[in-house]
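1. sharing a sequence plus its predicted fold:
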Amino acid sequence: MKFNTKTIHGGQKDVDPAYGSVMPPIYQTSTFSQTTPGGHKGFEYSRSGNPTRAALEKSLASIENGKHGVAFASGLAAIDAVLKLFKPGDEIISTNDLYGGSYRLFTQIFEDFGLKFHFVGMQDADKIAEHINENTKLIWVETPTNPMMNVIDIEAVSQVAKKNDLLLAVDNTFATPYLQQPLDLGADIVMHSATKYIGGHSDLVMGSLVVKDDELADRLYFIQNASGAICGPQDSFLALRGIKTLHIRVQRHCENGKAVAHFLKNHPKVDHVYWPGFEDHPNHDIAKKQMKDYGGMVSFTTTEDSKEGAVKVVEKLKVFTLAESLGGVESLAGHPASMTHASIPKEQREKIGIKDSLIRLSVGIEDEEDLLADLEQALD
């Protein structure tokens, strides 16, 4: 089954044997009747499993070419579950340019529980080995990264991981399964903030993990049930609905993202544009190899090169909405230094290029001309 068909039918055969509903029903229930203690029809309590969530998890596994999907209440809850695979003294090598919430979870929660994190620039996969020791257990990758749009060679990193008997997890939120499938490139775990492109309509908060290995899946299902950070049936239904149009939405995100990136690059008041589709973008060749297209995320700085200048631009936008998040049908603009990445210390942010003048755009699926006109008036 090809990807576009998987988004609609993958894992969804006979989802409602009772009445033949085309869409999986919303099982808005906390518990299920039993004929005898332990005797039930596959579900007993909705924290442990719910038919609507199960349908979503099967769909997620299908579109990522995995075997098991695990859905959570948020992307951070999904990352939290991965980190609970480890014990005090274990070490994790992470991309140094990553979502601020991930950095906060790593450094302000799990470091206190004895995990040690190394934040490494991974554009050259060979440099990762310098940070591996007998305590290293996981390599955590974002690609493209948030918000600098750095591209990391998943296949090359997977070779490093396998050589050293490490797990490799990839945050695939920016790329989506439509553009990039990390499990096929050697990753062990794929994570999504399903709040973003998976849901696609800015009306839910959710996270997911997808794996191929049965034993790893069992451990993650155990953590999901024991910790309880599950998503509800209503949100599961909305995410399933979003997946069915993922392919056509991301196509338009890519088309508009390309138009916006080129417009900004040629604008006299724009200093630098970060978008993997440019031939001079670092690791563009890797992006071309492992991604189907370059996505709808674009970051840039203006020639004014100041926080005040960046704030002035985002406040003047009219079609783009100044808001957190990304990946919805509507275009959003954000100021990473004071919004999504404010939890990262300023000195650390600036080391990886997140200047106070940086603006991040999530380019939606509106008419291209309206988006460009909006950017033009804001920059002017």
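-> Looks like it came in fine. Please read these numbers as outputs of a predicted model, since none were measured by experiment.
2. count of neighbours near Gly207?
-> Gly207 has 26 neighbouring residues, counting by other Cβ atoms under 10 Å. Quick note: C-beta positions are derived from backbone N, CA and C, even for glycine.
3. grab the nearest non-local neighbour of Ala161.
-> Distance criterion Cβ to Cβ, 6 or more residues apart in numbering; nearest residue to Ala161, sequence neighbours excluded, is Leu168 at 4.1 Å.
4. three-state assignment of the one you found?
-> Classification of Leu168 using DSSP: H, G, I helix; E, B strand; the rest coil returns strand.
5. for it, grab the count of nearby residues.
-> Using other Cβ under 10 Å, Leu168 has 24 other residues around it.
6. so how far is Ile189 from it?
-> According to Cβ to Cβ, to the nearest Å, Leu168 and Ile189 sit 7 Å apart.
7. and what of Phe86?
-> 13 Å.
8. between these two, which one's more packed in?
-> Shown here are Phe86 and Ile189; by other Cβ under 10 Å, Ile189 has more neighbours (28 against 18).
9. per-residue pLDDT, the nearest residue to that one once chain neighbours are set aside?
-> Once flanking residues are discounted, Ile189 sits nearest to Ala169: 4.0 Å by Cβ to Cβ, 6+ apart. On the pLDDT scale, Ala169 is placed at 98.
10. contacts only, for Ala169.
-> Residues in contact with Ala169, defined by Cβ atoms under 8 Å, 6 or more residues apart in numbering, are Val82, Leu138, Ile139, Trp140, Val141, Ala187, Asp188, Ile189, Val190, Met191.
11. with pLDDT, distance to Ile63 and secondary structure added, can I get those in JSON lines?
-> Output for these, formatted as JSON lines (pLDDT from 0 to 100; distance: Cβ to Cβ, whole Å; DSSP: H, G, I helix; E, B strand; the rest coil):
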{"residue": "Val82", "pLDDT": "98", "distance to Ile63": "20", "secondary structure": "helix"}
{"residue": "Leu138", "pLDDT": "98", "distance to Ile63": "24", "secondary structure": "strand"}
{"residue": "Ile139", "pLDDT": "98", "distance to Ile63": "23", "secondary structure": "strand"}
{"residue": "Trp140", "pLDDT": "98", "distance to Ile63": "22", "secondary structure": "strand"}
{"residue": "Val141", "pLDDT": "98", "distance to Ile63": "19", "secondary structure": "strand"}
{"residue": "Ala187", "pLDDT": "98", "distance to Ile63": "15", "secondary structure": "coil"}
{"residue": "Asp188", "pLDDT": "98", "distance to Ile63": "18", "secondary structure": "coil"}
{"residue": "Ile189", "pLDDT": "99", "distance to Ile63": "15", "secondary structure": "strand"}
{"residue": "Val190", "pLDDT": "98", "distance to Ile63": "10", "secondary structure": "strand"}
{"residue": "Met191", "pLDDT": "98", "distance to Ile63": "14", "secondary structure": "strand"}
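12. need these in JSON lines (columns: distance to Gly11).
-> Written out in JSON lines, the entries for the contacts of Ala169 read as follows (distance: Cβ to Cβ, whole Å):
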{"residue": "Val82", "distance to Gly11": "22"}
{"residue": "Leu138", "distance to Gly11": "27"}
{"residue": "Ile139", "distance to Gly11": "28"}
{"residue": "Trp140", "distance to Gly11": "27"}
{"residue": "Val141", "distance to Gly11": "25"}
{"residue": "Ala187", "distance to Gly11": "20"}
{"residue": "Asp188", "distance to Gly11": "20"}
{"residue": "Ile189", "distance to Gly11": "18"}
{"residue": "Val190", "distance to Gly11": "15"}
{"residue": "Met191", "distance to Gly11": "19"}
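13. which one of those is nearest to Pro177?
-> Val190 (7.9 Å; Cβ to Cβ).
14. right, and that closest one touches Leu168 too?
-> No - Val190 lies out of contact with Leu168 (Cβ atoms under 8 Å); the separation is 9.9 Å.
15. ok, back up a step: closest to Leu98 among the contacts of Ala169?
-> Trp140 (7.7 Å).
16. just list whatever residues bridge to that closest one.
-> Beta-bridge partners of Trp140, counted by DSSP bridges, are Ser94, Ala169.
17. give me every residue that touches it.
-> By Cβ under 8 Å, 6+ apart, the contact set of Trp140 is Ile92, Ile93, Ser94, Thr95, Leu98, Ser102, Ala169, Asp171.
18. what about the fifth one, distance to Glu366?
-> To tie it back to what came earlier, the one meant is Leu98. For Leu98 relative to Glu366 (Cβ to Cβ), the value is 28 Å.
19. and if you look at the last one?
-> Remark: distance between Asp171 and Glu366 (Cβ to Cβ) = 26 Å.
20. higher neighbour count, the two?
-> Shown here are Asp171 and Glu366; by other Cβ under 10 Å, Asp171 has more neighbours (27 against 16).
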